[in-house]
Every structure is written in structure tokens, then in C-alpha cells.
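K.L.:
Kindly return the folded structure for what I paste below:
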Amino acid sequence: MLLAASLDYLIGDPWGWLHPVQVMGWAIAKYTQIVLKYVDRPHWRRIAGVGLFWGLILGTGGLTWLVIRACELIHPVLSIAVQSIGLASCFAGRSLRRAAEDVLQAIESGDLATARSQLSMYVGRDTDKLTIPEIYRAILETVTENAIDGVMAPLFYAIVGLFIPAVGAVPLAMAYKAASTLDSMVGYRREPYADLGWWSAKSEDVLTWLPCRLAVLTIGLISGKPIAVWRLCWRDAVKDPSPNSGWSECAYAAALDVQVGGINYYKGQIQQKPLLGDDLQPINAAIIQRALSLTRTSFLLWLGLVAIALASTTVVHLIPLI
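P.N.:
Predicted structure coming up:
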């Protein structure tokens, strides 16, 4: 886990390398094409959606477990290397930071067109007419929403898997990554995914619920105002239709004394997002960097706590031998 965290921080996802999420995406796309072509009844599409979720989750976790076991048979060092690289691919810390900084650099250089173009690669909203304050808000919302399902939740499931010897950290983290990928690809209420993706959307919400709340508590503690952060989340986050993204965005907004949400446009259609947090100061590049720092500190805190827990467990087991 320490090696994986270091790899993600120093290297991230190298451009041009095949990523596990790409393989998952290919499998989801192929399955979706077949179902949408040959299954037209909503009931059967919903059943196919359940099959898609469990097939990809169990298939991803099981295949990861088999690859690790095969590497162990060849050489322990190979197994450690494969597990470290695989787990690093589940963490999106550097990718989030790189995405935000690419847009920030374009704004800093005065190239608003490039900033809008770069931003369009990472958000679903229309970006061609966004002002600089709106771009800052879009970056912050993207960074804070994806901090949970892209960084903290995979770490949470890696930690859980670490304490289940028969499973292990990497297979469980990879299985969660599969659930997150399913939600991002088919977990929509609109057609043609309303029936096919319903189970994936609901399941991902459930899987992310606990790590999201733990991350909110962590952000509150790190910011030095846990009660204020929790109160604002109870006041505002519950207004968001998502049971998790509203909480994650609101936690950061409360910790940073800013407000997110408001009017967005998607394919020309206006959508009003609930306002989260208090508008005590404007969102700018420094605020976004602080948000990235909060995510990094939270990640390191969780990693440090699990290291202490494992060390303590080892000491307890060694005492009778001494």
C-alpha cells in the first residue's frame, strides 16, 4: 500500500499505458451494446443490469486475485510489484491534481479558450461560455466530488481487504473501481441507461456511503472545524440528489469557507444545482490547491493509521513469542 501510494504520487497513470479502467470500460461498452440491441423490455434490461454489475465486480476482483496468486508462485517480488502497480492504478490522486493544474495553468497564462477546452475533458457541463469564476467553481466541484470515489473510497476498500487475508487489498480495491466505473458509464436515470444502469447506480451509492462519511469527518478534523463542517453538510448536502457527491463537495466547501453549486448548462439545458456551503470568500486557484492538499492529507492520515494498526497487531502477536 505504501508503494502504491508513492507510485500514484510520483508517477500517476502514465500516458499511453493500458489502464484497468480502460479494460473495464471496454467490457461495459460491449455488454451494453448487446443488451440495448437485443433486449427491449424494461424488466429484462433491469435483470441484465444486475448481471452486468455482479459479473464485472466478481470478475474484476476474482481475476485480480488469480493474477496475484500466479505472480506469488513465480516470485514474491513479482507479486509485490504487480500488487503495488495495480493498487496505484486504483488511486486517482495525481490524476486529479494534474487535471486541475492543467486548467489552472491555462487561466494563469491568460488563455481562456484552452482553459475551457481542458476543463471539458473532465466535466460533463458545457464549458464554452464559462467565465473564470465559473471555471474555478467547476474545477473545485470536480476535484472535491472525485476525491471520494477516486481516492478515498478505493483506499478504504484496500484497507478493508488488507484485514481479510483470503481477499487482500488489491482485489477489493479493484472491485470497487469496477463499481465506480459502472456508475460513471451506465448509472444514469435517462435513456437508454435508466433500466440497464439502475442497479449499478444504487449499488455504487451504497458502497461509497461509508467511506464518504468517514472522509467528511476526516476533512472536518484536518480543517480544525469538524462541528461546523458536519453542521453545514447536514444543512446543505441533504439537498443534493446524490447521497454522496453532495456530502463530499459540501465538506470541502465548509472547510474552505466557499460555496459551490448553482446554475450549470448541460447540452444547452439549464440545471440548477443546490448551493452548498457559505459564500464567505471567492473560489480561486489557492482555494483549489488547498482542496487538493486536504485530499492528500486525508489520504496520508488513513494510510498512517492503518500502518500503526498493522504494526500494533504484529507486536501483539510477537509478545507471546518473546
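K.L.:
CA only for contacts and neighbour counts going forward, please
P.N.:
Will do.
K.L.:
wait, is residue 7 part of a strand?
P.N.:
No - Residue 7: not assigned to a strand; according to DSSP: H, G, I helix; E, B strand; the rest coil it is helix.
K.L.:
Isn't it up against residue 90?
P.N.:
No - at 11.1 Å, residue 7 and residue 90 do not qualify as touching, with contact defined as C-alpha atoms under 8 Å.
K.L.:
more neighbours, the two?
P.N.:
The residue with more neighbours, out of residue 7 and residue 90, is residue 90; 29 against 19, by other C-alpha atoms under 10 Å.
K.L.:
gap between the more buried one and residue 203?
P.N.:
Residue 90 is 18 Å from residue 203, where distance means C-alpha to C-alpha, to the nearest Å.
K.L.:
same question, residue 215
P.N.:
Residue 215 is 19 Å from residue 203, by C-alpha to C-alpha.
K.L.:
what's the answer for residue 281, then?
P.N.:
36 Å.
K.L.:
With neighbour numbers in mind, choose between those two.
P.N.:
Neighbours per residue, other C-alpha under 10 Å: of residue 281 and residue 203, the larger number sits with residue 203, 18 against 11.
K.L.:
And stretch 86-93, how far out from the chain middle?
P.N.:
10 Å (C-alpha atoms, centre = their mean, to the nearest Å).
K.L.:
ok, and what's touching that stretch?
P.N.:
Residues from elsewhere that reach stretch 86-93 (C-alpha atoms under 8 Å, 6 or more residues apart in numbering): 1, 4-5, 7-9, 12-13, 19-20, 147, 150-151, 154-155, 169-170, 173-174, 177, 296.
K.L.:
What about those residues, which are in strands?
P.N.:
Using DSSP state E, no member of the contacts of stretch 86-93 sits in strands.
K.L.:
Show the buried residues in those.
P.N.:
Buried members of those, counted by 16 or more other C-alpha atoms under 10 Å: 1, 4-5, 7-9, 12-13, 20, 147, 150-151, 154-155, 169-170, 173-174, 177, 296.
K.L.:
Low-confidence ranges, the protein, go.
P.N.:
Scanning the chain for pLDDT under 70 picks out 14-16, 314-322.
K.L.:
where along it do the helices fall?
P.N.:
2-10, 20-38, 42-74, 76-88, 93-108, 112-120, 132-147, 153-162, 169-186, 198-223, 226-236, 245-256, 285-318 (DSSP state H).
K.L.:
For these, please prepare JSON lines with the additional fields distance to residue 268.
P.N.:
Listed next are these as JSON lines, based on distance: least, C-alpha to C-alpha, whole Å:
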{"stretch": "helix 2-10", "distance to residue 268": "36"}
{"stretch": "helix 20-38", "distance to residue 268": "26"}
{"stretch": "helix 42-74", "distance to residue 268": "29"}
{"stretch": "helix 76-88", "distance to residue 268": "37"}
{"stretch": "helix 93-108", "distance to residue 268": "22"}
{"stretch": "helix 112-120", "distance to residue 268": "14"}
{"stretch": "helix 132-147", "distance to residue 268": "16"}
{"stretch": "helix 153-162", "distance to residue 268": "33"}
{"stretch": "helix 169-186", "distance to residue 268": "21"}
{"stretch": "helix 198-223", "distance to residue 268": "25"}
{"stretch": "helix 226-236", "distance to residue 268": "26"}
{"stretch": "helix 245-256", "distance to residue 268": "23"}
{"stretch": "helix 285-318", "distance to residue 268": "27"}
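K.L.:
from those helices, which stretch is densest packed?
P.N.:
Scoring those by mean neighbour count under mean count of other C-alpha atoms under 10 Å gives helix 245-256 as the most buried, with a mean of 28.
K.L.:
so who does the nearest residue to residue 203 once chain neighbours are set aside touch?
P.N.:
Spatial nearest neighbour of residue 203, chain neighbours left out: residue 179 (7.7 Å); criterion: C-alpha to C-alpha, 6 or more residues apart in numbering. The neighbours of residue 179, taking C-alpha under 8 Å, 6+ apart as the test, are 53, 56, 57, 200, 203, 204.
K.L.:
Out of the residues you listed, which comes closest to residue 111?
P.N.:
Proximity of the contacts of residue 179 to residue 111 (C-alpha to C-alpha) peaks at residue 204, which lies at 37.3 Å.
K.L.:
Just to check, the closest one is in contact with residue 183?
P.N.:
Yes - with contact defined as C-alpha under 8 Å, residue 204 reaches residue 183; the gap is 6.5 Å.
K.L.:
Mind listing residues that contact stretch 227-235?
P.N.:
Residues outside stretch 227-235 that contact it (C-alpha under 8 Å, 6+ apart) are 216, 217, 220, 247, 250, 251, 254, 255, 276, 277.
K.L.:
Sweet, I'm off.
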